[in-house]
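Asks: kindly generate the corresponding structure for this input.
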Amino acid sequence: MNARNGSAERTPSNPDNRILTSLGVSPDDELVYRTLLARPGATLSQLAEITGWDASRLRRRTRSLEQRGMITRVPSRPVRFTPAPPDVAVEVLALQRQEEIERARLAAAGLAEQFRAGLRNGGTSPVQVLRGREAIAQQFFQTQQMTKREVLILDKPPYVVEPVQRQDRIQRDQLRKGVRYRTIYDESALDAAGRLEGIRELAERGEESRVLADVPLKLVIADRSIALVPFVLPTEREILVLRTSALLDSLVDLFELLWQRATPLWLTGDTAAATGSREVLSAEDELLLAFLRAGFTDSAIARRLGVAQRTVERRMRKIMSLLGARTRFQAGLRVAHMGCECQGADASAPRSMNGHGSKIDSCPRHE
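Replies: Purely as a prediction, here's the structure:
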């Protein structure tokens, strides 16, 4: 490793230089950002050479930085990364952190008042600890079956409730009754063979699904009045059952923030109608696009679809042609833009089945 590369790698390792940590940026993310400040336009392989990290680790870090608006992909082959100017990046991060602090203060005030009221009235706590796999599974399924309006889910492995087929069956029944499901899948949740195909089937029945790198926790919220949260990780043999409270409200706010940042897995029906995309994109094409949005490489997609990598590359060229895009970057932007336009229209209109509109009216930040 040359002297320049060695300097770029060592700079962030000094705790005194980690100025972005207080703004919610991890040391690894800051290392990559600082490296790109010294080497703007670096490729993934060049970053690997400088940092000594493997490609998978670097992809996670670059996705994280993109979500924060700290770097931008340059549409080239190979892909290059350009950092945002530090003054702009730090200002955006500072504003985001200030908003989080204000929300935390408001939530803390509500929790304190709730605690004082409980002491005065001798009321029961809105928090219950549930232990044991069977009890957890029963609560998980019953919570959904009792839902009347909406279920919010943060989905990431490992899973306590098995098999997945039972969950899918209950979800299909609820979707048929008009219950709205919004699910944010961690990227790792899509690794299992056939999982993305199962999620697509749920989407066809009405689930709104998005994907996000490094989902912070597992969570189920029903009708914004009850939440299930793992209490002990990673075994998850205990969960918290939260009833209506300031803490539950804070978890709903967290879900909405993550929803804005997550990437839609599928084109919605409204998007397809507005663009005519369903007439030109096959079901296999949409599945390929979902894999791409989830961060899978061509070789990984080929393995999961059971086809040759050349077939994946040929299909991708066809999709780019249909979308009028010269690069994958442009294709991704156009699909994301179409989805956001239709979602914005959806957010302002009431839902026909249950009368509840979405509170989201902006595009995911990293699209």
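Asks: and the one helix or strand residue 312 maps to, how far out from the chain's middle?
Replies: Following DSSP states H and E, one finds residue 312 within helix 309-322. What separates the centre of helix 309-322 from the centre of its chain is 26 Å, taken as CA atoms, centre = their mean, to the nearest Å.
Asks: same question for stretch 180-190.
Replies: With CA atoms, centre = their mean as the basis, stretch 180-190 stands 7 Å off its chain's centre.
Asks: list the contacts of it.
Replies: Contacts to stretch 180-190, defined as CB atoms under 8 Å, 6 or more residues apart in numbering, come from residues 149-157, 171, 174-175, 195-196, 199, 202, 206-215, 255, 258-259, 262, 265, 291, 294-296, 351, 353-354, 356. Using the backbone N, CA and C atoms, a C-beta is placed for each residue, glycine as well.
Asks: quick check: buried residues in it?
Replies: If you call a residue buried by 16 or more other CB atoms under 10 Å, then stretch 180-190 has these buried ones: 180-187, 189-190.
Asks: let me have those residues in TSV, extended by distance to residue 68, secondary structure and pLDDT.
Replies: Shown next, in TSV, are these (distance: CB to CB, whole Å; DSSP: H, G, I helix; E, B strand; the rest coil; pLDDT from 0 to 100):
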residue	distance to residue 68	secondary structure	pLDDT
180	29	strand	95
181	28	strand	96
182	23	strand	96
183	23	strand	94
184	17	strand	93
185	20	strand	90
186	18	strand	89
187	17	helix	82
189	22	helix	82
190	22	helix	78
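Asks: and these, which is closest to residue 143?
Replies: Nearest to residue 143 among these: residue 181, at 12.8 Å, using CB to CB.
Asks: picking up where we left off before, and the buried residues of stretch 180-190, which two are furthest apart?
Replies: Largest separation among these by CB to CB: 180 and 187, giving 23.6 Å.
Asks: residue ranges with poor pLDDT in the stretch 101-250 of the chain?
Replies: Scanning the stretch 101-250 of the chain for pLDDT under 70 picks out 112-125, 160-164, 231-236.
Asks: okay, helices next: where are they in it?
Replies: According to DSSP state H, counting those that start in this stretch, the stretch 101-250 of the chain carries its helices in the segments 133-145, 164-176, 195-204, 246-261.
Asks: and of those, who's closest to residue 103?
Replies: helix 246-261 (6.3 Å).
Asks: quick revisit: quick one: list the elements packing against the helix holding residue 312.
Replies: Helices and strands touching helix 309-322, as assessed by 3 or more CB pairs under 8 Å, 6 or more residues apart in numbering; DSSP states H and E, comprise helix 283-293, helix 298-305, helix 328-347.
Asks: so residue 65 sits against residue 28, correct?
Replies: No. With contact defined as CB atoms under 8 Å, residue 65 does not count as touching residue 28 (9.9 Å).
Asks: which of the two has more residues huddled nearby?
Replies: Each of residue 65 and residue 28 has its neighbours counted (other CB atoms under 10 Å); residue 65 has more, 25 against 17.
Asks: where among the helices and strands packed on helix 309-322 is average confidence lowest?
Replies: The minimum mean pLDDT among the helices and strands packed on helix 309-322 belongs to helix 328-347 (a mean of 53).
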